[in-house]
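Engineer: A structural model of the following input is requested.
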Amino acid sequence: MNITVQYPITDCRLFLHKSGKLRKPYFVSPDTEGREYIRHFGAMQGRHFQEYYYCVGENTFCNARHALRFSRPPSFYKDQIACLKRCANRFYSDGGILGKFEVKSAYRQLLDFHFGHEVRINDAKGGNVRASFSDAGPALAKLYLYGSTACDSLHEIRKYWVQSGQSIVIVEEHAKRASDFRRLPAGATEVLLKDQWSAQYLRLYRYTYDGIPCWIIEILSNAPEAKKMCRNLKTLLLRIHAEKQSVIKALEFLSINKDNEAVDIRKATHFIKNTLVKLQKDRRFDLKQSDIVNIAFEADDSFSQDDYRRLRQAVLDLNNRYIIEDFDCIFAQIDFDALCEAYYCQINEDEDEIPEAIRAPLEEVVHSRSKLKFKQFSKRYRSILEGCASSALFEIIKYGAVSVIGGI
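Structural biologist: From the prediction side, this is the model:
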C-alpha cells in the first residue's frame, strides 16, 4: 500500500518587488546531476517515469530527505501489520508560486493513515521541530522560506510570505495484493469516474480522516494501462488540490497587503487569473480534467461562511470581472441535488414552462453535475433565464450557488 501525503506550499514572494529569493534551482529545467539543490532540503533529481504532458515541474523534484524524518519509524505494532517498507520526501514546484511537499510511504497491509506519528522537521539552525504528521505543513513552509532565501536577506523575510495550505492524502492499493482492502474505512464513499478513467482498471473512494481529505485508489488490474491511469489520476488530484490552495493563499496574502507598496498587485492578479483559467480547462496535459476538478473540489470544500466572504471580498478588491466570474464558478458550492429536484418537479408539473431552446442543454447540466457547464449554461442563456424569474427552477439556476457567497 502506497500513501502520499501532500502539503501545498504557496510562495508569494513573486508578488514582492524585493524578497531576496534565490534564483536557483531552475525548477522548469534544473541541473539534476547534483549541482542544484535547496538548502536544508536536498538536491534536484529527475522523475523515473517521464511524461511530457505532465504539469510544469512534475518531471523534476527536490529530493527533500533532509527536511522531514519520522521521530520513530511507524512499525512498532506487535503483529507488524504497519511495517514501513520505504519512505521518500519530494518537493515539487513550478518555479514560481506553486509548490507541494509530498511524503511518499509504502506500508504492508495497512489501511490507517497514522497522522498521529511524530515527525522531525529541520529548523534550519542545526536542530529540529517536532510535530504530528498532520501538522507538519507550517514548519515545512517556514523551512522552505529559509532554505530558498539568500543568506544576506534572511533578516528581512516575513513568515507569511510562504504559507502552507490544507494537506491531502492519496492511498493506492492493488486489490489483488491486499486481502483486507475490502474493509474500507467507515464513511468512505465511491466516486464514479467517467470518460478515460475506466472502471475496468480503477475505483476511486473519497474519505475524510480527522478533517483531512483523503482519496483511496483501488487498482483492479496488473495491466500497464492500469498503472499509468493510476499515476495520471493521482497527479491530477494532487495538482488540482495544490492549485486550489495556491489561489486561496494568494488571496489571503493580498487581503493583508492591500495597501502595501512593496506588493505588485499586477503580478498577483495575473497569477490568480491564470490559475483559475487552468482549473476550468476541459482537457489538460492530454487528459480530460473537468470531471476531476469537480470531485477534487467537493472533497475538501470545508470553508466556513466567514472564509468564503473573506476570500470573495479579496477577489472583488481586484476589480476584474473575469476573475470574479471564474472564482464564483470554481469555488461556489452549487447544490446540484436541489437543482435536479427542481428540474424534475418542473417537468412533472408543467414541462411547457421550460423554453424549448434550453431544454436539452439544461438536462445536460443537471446530469453532468459540472460547475464549468453550469457556468457556461448560465452565461449563454442569461437573457432567457431573466425572463423566467418566477419559476423555482430558474431561481435555483440564477442563484445556484447556495453557499454563502450569495449566488453566481
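
Engineer: How about residue 121, nearest residue that isn't a chain neighbour?
Structural biologist: Counting by CB to CB, 6 or more residues apart in numbering, residue 139 is the residue found nearest to residue 121 once chain neighbours are left out, at 4.2 Å. Just so you know, the C-beta spots here come from the backbone N, C-alpha and C atoms, and that holds for glycine as well.

Engineer: Quickly note the distance from that neighbour to residue 97.
Structural biologist: Applying CB to CB, to the nearest Å, the value for residue 139 to residue 97 is 20 Å.

Engineer: Equivalent analysis for residue 16, please.
Structural biologist: Distance from residue 16 to residue 97, by CB to CB: 12 Å.

Engineer: ditto for residue 313
Structural biologist: Residue 313 sits 21 Å away from residue 97 when distances are taken as CB to CB.

Engineer: Which one's more surrounded, these two?
Structural biologist: The residue with the greater number of neighbours, taking residue 313 and residue 97 and applying other CB atoms under 10 Å, is residue 97; the counts read 25 against 11.

Engineer: pLDDT weak spots in the stretch 151-300 of the chain?
Structural biologist: Flagging of the stretch 151-300 of the chain using pLDDT under 70 yields the residue ranges 176-184, 195-196, 285-286, 299-300.

Engineer: Give the full set of residues in contact with residue 237.
Structural biologist: Taking CB atoms under 8 Å, 6 or more residues apart in numbering, we find residue 237 in contact with 168, 170, 215, 292, 296.

Engineer: if you set the cut-off to 6 Å instead, what comes out?
Structural biologist: Contact criterion CB atoms under 6 Å, 6 or more residues apart in numbering gives 215, 296 as the residues in contact with residue 237.

Engineer: Check for me that it belongs to a helix.
Structural biologist: Yes. Residue 237: assigned to a helix according to DSSP: H, G, I helix; E, B strand; the rest coil.

Engineer: From residue 274, how far off is it?
Structural biologist: Distance from residue 237 to residue 274, by CB to CB: 20 Å.

Engineer: What score does the residue nearest to residue 121 have for pLDDT?
Structural biologist: At residue 139, the model reports a pLDDT of 93.

Engineer: what number of residues lie near it?
Structural biologist: 22.

Engineer: where does the most centrally placed residue in the chain land in three-state SS?
Structural biologist: The centroid of the chain falls nearest to residue 241 when counting by CA atoms, centre = their mean (0.2 Å). Applying three-state DSSP to residue 241 yields a three-state assignment of helix.

Engineer: wait, isn't it in contact with residue 169?
Structural biologist: No. Under the criterion of CB atoms under 6 Å, residue 241 lies out of contact with residue 169, with a separation of 10.3 Å.

Engineer: so where do the helices sit in the stretch 201-350 of the chain?
Structural biologist: Counting by DSSP state H, counting those that start in this stretch, the segments of the stretch 201-350 of the chain that form helices are 224-255, 265-279, 290-299, 305-317, 321-331, 336-350.

Engineer: follow-up on the earlier one: the residue nearest to the centre of the chain and residue 223, how far apart?
Structural biologist: Between residue 241 and residue 223 the distance, using CB to CB, works out to 27 Å.

Engineer: Residue 211 now?
Structural biologist: Taking CB to CB as the criterion, residue 211 is separated from residue 223 by 36 Å.

Engineer: go on, residue 291?
Structural biologist: Distance of residue 291 to residue 223, computed by CB to CB: 22 Å.

Engineer: These two: which has the busier surroundings?
Structural biologist: Between residue 291 and residue 223, counted using other CB under 10 Å, the more crowded position is residue 291 (20 against 12).

Engineer: quick one: contacts for residue 14?
Structural biologist: Per CB under 6 Å, 6+ apart, neighbours of residue 14: 96, 97.

Engineer: before we move on, the earlier item: hmm, the residue nearest to residue 121 is touching residue 130, no?
Structural biologist: No. Taking contact to mean CB under 6 Å, the distance of 9.1 Å between residue 139 and residue 130 leaves them out of contact.

Engineer: how many neighbours does the closest residue to residue 250 other than its chain neighbours have?
Structural biologist: Beyond its immediate neighbours in the sequence, the residue positioned closest to residue 250 (CB to CB, 6+ apart) is residue 272, lying 5.7 Å away. Residue crowding around residue 272 was assessed by other CB under 10 Å; the count is 23.
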